[in-house]
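Asker: Predicted model, plus sequence, below.
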Amino acid sequence: LAKTTQPISMDSYEGQEVNITCSHNNIATNDYITWYQQFPSQGPRFIIQGYKTKVTNEVASLFIPADRKSSTLSLPRVSLSDTAVYYCLVGNSGTYKYIFGTGTRLKVLA
Amino acid sequence: DVKVTQSSRYLVKRTGEKVFLECVQDMDHENMFWYRQDPGLGLRLIYFSYDVKMKEKGDIPEGYSVSREKKERFSLILESASTNQTSMYLCASTSAQDRTQGEQFFGPGTRLTVL
């Protein structure tokens, strides 16, 4: 299973765009990249998933370069309510296993 | 709206007690998971089940067992609770139709304290 590496924490201000990069050097051909958000005292919540290039939904964008060894979650114009821990995962249906690392603790300041 | 519920938000037990954590999902999902979450260690997979009565060990199954008698319910059992099992326990489910199995739906968690 591919291991992921993310920054432990980040600070940002309201209204800014936040980019969180995840490194996954050993990603396998069949692996997808998935991001979750977790608020205190809640379970993680799925944000976005991709395989290559760029994926965008109503919440975020996910950028994946051609070599797929890293990915970047982009949160446009963050607000205080985006303060949370963000997890990057890689995995595929063949294993049923996704590794949740320690995540990135994002703090949005007023 | 999809929902995963866990029987308790907070639980306090004594060392040596048998502990049952229940998880129920209303999405008719085939796959269910139990994780524990500890500071600095992220989420770690304890067990998962891909069908009724089927189970597979995750990364840290020692000291735990599971039961899946009905599709919607997945139970985590601590046969003899120990203080090092004090943790947040999270249940999740996914549909077998989800080709990547990446979109897991989580419950709110049970914070278990073993004294």
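Answerer: Nice, I can see it. Residues are numbered from 1 along each chain as shown, chains lettered A, B, ... in the order given.

Asker: Any idea how many residues pack against the residue of chain A found nearest chain B?
Answerer: Across chain A, the shortest distance to chain B (C-beta to the nearest C-beta) belongs to A:Gly43, at 2.8 Å. Every C-beta, even on glycine, is put in place using the N, C-alpha and C of the backbone. Neighbour count of A:Gly43, defined by other C-beta atoms under 10 Å in any protein chain shown: 22.

Asker: Relative to B:Gly16, how far out is the nearest residue to it once chain neighbours are set aside?
Answerer: Once flanking residues are discounted, A:Gly43 sits nearest to B:Phe106: 2.8 Å by C-beta to C-beta, 6 or more residues apart in numbering or on different chains. B:Phe106 sits at a distance of 29 Å from B:Gly16 (criterion: C-beta to C-beta, to the nearest Å).

Asker: Those two: who's more crowded?
Answerer: Legend: neighbour count by other C-beta under 10 Å for B:Phe106 and B:Gly16, higher for B:Phe106 (22 against 10).

Asker: Was I right to think the more buried one contacts B:Met88?
Answerer: No. The pair B:Phe106 / B:Met88 is not scored as a contact, 11.1 Å apart, by C-beta atoms under 8 Å.

Asker: which stretches of chain A form strands?
Answerer: For chain A, the strands defined by DSSP state E cover A:9-13, A:18-23, A:32-38, A:45-50, A:53-56, A:61-64, A:70-75, A:84-91, A:104-109.

Asker: Just the buried positions in the fourth one, please.
Answerer: When neighbours are counted by 16 or more other C-beta atoms under 10 Å in any protein chain shown, the buried residues of strand A:45-50 are found to be A:46-50.

Asker: Let me see the confidence value for the residue of chain A closest to chain B.
Answerer: Looking at A:Gly43, its pLDDT stands at 93.

Asker: With A:Leu73 instead?
Answerer: 97.

Asker: Name the spans of chain B whose pLDDT lies under the cut-off.
Answerer: B:1-2, B:99, B:101 (pLDDT under 70).

Asker: who in it is up against chain A?
Answerer: B:4, B:31, B:35, B:40-45, B:48, B:50, B:56, B:58-59, B:90-92, B:98-109 (C-beta under 8 Å from any C-beta of the partner chain).

Asker: What residue in chain B comes nearest to chain A?
Answerer: For chain B, C-beta to the nearest C-beta, closest residue to chain A: B:Phe106, 2.8 Å.
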